[in-house]
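K.L.:
structure for this input, please:
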Amino acid sequence: MAMWRSRPACKLYAALGRRGGRVVGSDLQTGSASFRVQALLPVAESFKFALELRTHTSGLAAPQMLFSHWEVIDIDPFWRPRTEEEYLHWGEKWDGVNRAKGYMDAVRARKGLATDKQLVQHAEKQRTLSKNK
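P.N.:
Numbering: from 1, shown residues only. Alright, predicted model coming up:
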């Protein structure tokens, strides 16, 4: 839940959208020019949200967060294009952000398990920066 004056409304919605949140409801406070927005935000995305929101709205919006419920993410973390139609639409490799895969990789890295990240991405471009004598 966040309260703010009417001006930084678009910045609040943008901050929620960047972090995968969705707005449940919003209403105008009676007797004032303040709005109240109720939104759902994943807990993994809520860290430093208050700082980001205050920064982007110049301190005009203040979040009040509390845990609401558990929810299953309906995204396959191992998705890749398989059908002919998906290949035509996405190409050989999908470069978008898979939020479920990101959460899964973060947990695996935190636990010390293997992830799909490559340690060296462009080995032929790496070089040693040493001084020539």
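
K.L.:
middle-most residue in the chain, spatially?
P.N.:
In the chain, the centroid-proximal residue (C-alpha atoms, centre = their mean) is residue 19; its distance is 3.1 Å.

K.L.:
what separates that residue from residue 96, distance-wise?
P.N.:
16 Å (C-beta to C-beta, to the nearest Å). Placement of C-beta: from N, CA and C, glycine included.

K.L.:
residue 104 now?
P.N.:
Distance, residue 104 to residue 96, using C-beta to C-beta: 16 Å.

K.L.:
neighbour-wise, which of these two wins?
P.N.:
Higher neighbour count among residue 104 and residue 96: residue 104, with 16 against 7, using other C-beta atoms under 10 Å.

K.L.:
did I read that right, the more buried one in a helix?
P.N.:
Yes. Assessed with DSSP: H, G, I helix; E, B strand; the rest coil, residue 104 lies in a helix.
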